[in-house]
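Student: my questions are about this predicted structure, shown below with the sequence.
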Amino acid sequence: MNKKVFVFPGQGSQYVGMGADLVQHNSAAAHIFKQADEILGYSLTQLCFEGPAALLNQTRFTQPAVFTTSTAVLAVLKESGVSYEAVAGHSLGEYSALVAADILTFADALKIVQERAHLMEKALSAGQGGMAAIVGLNREAVSEICRQAGAKGAVQPANFNAPGQVVISGEKAGLEEAITLARKAGAKRVIPLPVSGPFHSSLMEEAGQKLALYLKEISFSSPRVPFVANVTGNYVSDPAAIKSLLVKQIQSAVYWEESIKRLNQDGYHTFIEVGPGRVLSGLIKRVIPQAQTYHIEDRTSLQKVVAQLRGTV
């Protein structure tokens, strides 16, 4: 049986105009954005639809924006009758997956995302740390590069995304040294990422501790469908364990490659990327070349994918 997984993108997939097309034509999507504006206390709707990009790209706005857009697309998909048998999300995308699995309500998840974004942005002053994608080296080589570069400043693997693609994260000096070493080692590409801090690294430990305190006040339910966690690359169903892993996720590596392999091994061969962009679809194809991948972010992609899944195309 070919089972379907909804996967949700993280920070970096945002763009001005995301969500606008769906909201104009679908009341379920409009309701999600209206709720977000009320909860956040500012017009996220206007920021997503009109920008400016410089503001949308700031972590404290990016994370609620991507999360809300993805959840709005999810609401439209549910109305369209597209089913899913499991969920996973990349970094921030885990929170959309939590909503899809009925572990959290949209309102509670958005409040956590807002707090998470605030804590992550505050963890280090802008410019003191960052992230970069290393393409063309295996994870062992990247881990050794980080170990060597650590003499200049803290740096470590942050996302094991796909074979030959590892994202590193750390302090500015350590990151720059690792980038230099990666190029010398024959990396095909080294791409500094447009993020404001060294996410998924030990430098986020204080942010994780503060998030743990915040999560104590929020109720989590058992998942309605299987949920795969970033930190383990495996299923987790206990609400207390899910909370604990969300705290670890801020300061630990994302095992996306392991997550996709685990799902594929268990008969999930169709992956539908729900939200802005198509980054995850590309990564999934690198992990499982034979996987069926789709992405849905607007009316055009929605209509196309729904028709394909119903076998009319």
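Tutor: Sure thing, it's come through.

Student: run through the residues that contact residue 112.
Tutor: Residues in contact with residue 112 (CB atoms under 8 Å, 6 or more residues apart in numbering) are 95, 104, 211, 214-215, 218, 246. (C-beta placed from N, C-alpha, C; glycine too.)

Student: taking those, tell me the two that lie furthest apart.
Tutor: Farthest apart among the contacts of residue 112 by CB to CB are 104 and 211. That separation is 14.0 Å.

Student: on that earlier part again, most surrounded residue in the contacts of residue 112?
Tutor: Among those, the one with the most neighbours (other CB atoms under 10 Å) is residue 95, at 28 neighbours.

Student: domain assignment for this protein?
Tutor: If you go by automatic domain parsing, the domain ranges for the chain are 3-123+203-309, 129-195.

Student: torsion angles phi and psi at the closest residue to residue 93 other than its chain neighbours?
Tutor: Computed as CB to CB, 6 or more residues apart in numbering, the closest residue to residue 93 that is not its neighbour in sequence is residue 8, at 3.5 Å. The phi/psi pair for residue 8 (degrees, to the nearest 10) reads phi -120, psi 130.

Student: now render the domains of the chain as TSV, adding mean pLDDT.
Tutor: As requested, the domains of the chain are exported to TSV (pLDDT from 0 to 100):
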stretch	mean pLDDT
domain 3-123+203-309	97
domain 129-195	96
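
Student: which residues of the stretch 51-200 of the chain fall in helices?
Tutor: All helices of the stretch 51-200 of the chain, identified by DSSP state H, counting those that start in this stretch, fall at 53-56, 59-80, 93-100, 106-123, 139-149, 172-184.

Student: point out the most buried one among those helices.
Tutor: helix 93-100 (a mean of 28; mean count of other CB atoms under 10 Å).

Student: counting contacts, what elements does that helix pack onto?
Tutor: Counting contacts by 3 or more CB pairs under 8 Å, 6 or more residues apart in numbering; DSSP states H and E, helix 93-100 packs against strand 3-8, helix 59-80, strand 86-89, helix 106-123, strand 227-229, helix 239-251.
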